[in-house]
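Student: Predicted structure and sequence below. I'll ask about it afterward.
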Amino acid sequence: MIKLVLLLILAYLMGSVPAGLWIGQLFFKKNLREYGSGNTGTTNTFRVLGVKAGIATFAFDFLKGTVATLLPIFFGISDISPMIFGLLAVLGHTFPVFANFRGGKAVATSAGVVLGFAPAFFGYLFVLFFLTLYLGSMISLASILSAFLAIIGVLLFPLFHFLLPHYDPLFTLVITLLGSLIIVRHKDNIARILARKENLVPWGLNLTKQKPKI
């Protein structure tokens, strides 16, 4: 019981490590909260600190979700779903104890959780994300749409035994919660997308003709 509690706490603490914030402070002498969107996640890190810092932040945020989800497997715990550990990692990322409970938008860490628990479902979301990113040139739109379609997929795919062979009530619940969290935390992005003023990446077709403020 003590081991289980310690591992659950560890999952939250792993998620709480604010990679982008610390990379900015340690290597660039910049506080990400004072630049760009003020967010400490991957997108703002790319925009403010550059490609290398962005890649490092994404990799860390993604892998902490995967590793946290695999903790019960690593330590031989079978009486609690790995998704609980993954959910705690995402909550840690979103409300990090090491950064005054002000974290990222949960996209990369949630993706890491899905990879750790359901790799085939992750592959489906991976394709959707990059297809949407190419068509729209917006990481925010790709994140929002992937989160929405993750919820739809987890509800419908088990009916057809496609990617998810059967219903896992806890997996369904956690994916629905994570997808909803991602969408809610992108509410400002949604407003900018509707106003056609969302920030773009220099890749893709920008089919919605966004014209962000310079």
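Tutor: Arrived safely, thanks for sending. Residues are numbered from 1 along each chain as shown.
Student: Helices of this structure, start to end?
Tutor: For the chain, the helices defined by DSSP state H occupy 2-16, 19-27, 42-49, 51-74, 82-94, 107-117, 119-136, 139-160, 169-185, 187-194.
Student: CSV for those helices, including mean neighbour count and mean pLDDT?
Tutor: For the C-beta atoms, the positions are set from N, CA and C on the backbone; glycine is no exception. Shown next, in CSV, are the helices of the chain (neighbours: other C-beta atoms under 10 Å; pLDDT from 0 to 100):
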stretch, mean neighbour count, mean pLDDT
helix 2-16, 17, 97
helix 19-27, 19, 95
helix 42-49, 23, 92
helix 51-74, 20, 97
helix 82-94, 26, 98
helix 107-117, 27, 98
helix 119-136, 17, 98
helix 139-160, 19, 97
helix 169-185, 18, 98
helix 187-194, 14, 96
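Student: Distance to Lys213 for those - can I get that in CSV?
Tutor: Shown next, in CSV, are the helices of the chain (distance: least, C-beta to C-beta, whole Å):
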stretch, distance to Lys213
helix 2-16, 32
helix 19-27, 23
helix 42-49, 13
helix 51-74, 21
helix 82-94, 27
helix 107-117, 23
helix 119-136, 18
helix 139-160, 15
helix 169-185, 21
helix 187-194, 9
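Student: thought Phe27 was touching Ala56?
Tutor: No: Phe27 lies out of contact with Ala56 (C-beta atoms under 8 Å); the separation is 9.3 Å.
Student: do you know how far Leu4 is from Tyr167?
Tutor: Between Leu4 and Tyr167 the computed distance is 25 Å (C-beta to C-beta, to the nearest Å).
Student: What of Met138?
Tutor: Met138 is 33 Å from Tyr167, by C-beta to C-beta.
Student: who's more crowded, these two?
Tutor: Neighbour totals were compared for Met138 and Tyr167, and Met138 leads with 25 against 12 (other C-beta atoms under 10 Å).
Student: Need the per-residue pLDDT for the more buried one.
Tutor: Looking at Met138, its pLDDT reads 96.
Student: which residues does it contact?
Tutor: Counting by C-beta atoms under 8 Å, 6 or more residues apart in numbering, Met138 touches 189, 193, 198-201, 206, 208, 210.
Student: can you rerun that using 6 Å?
Tutor: With contact taken as C-beta atoms under 6 Å, 6 or more residues apart in numbering, Met138 is in contact with Glu198.
Student: next one: phi and psi at it?
Tutor: phi -130, psi 120 (degrees, to the nearest 10).
Student: Give me the distance between Leu128 and Lys187.
Tutor: As judged by C-beta to C-beta, Leu128 and Lys187 stand 21 Å apart.
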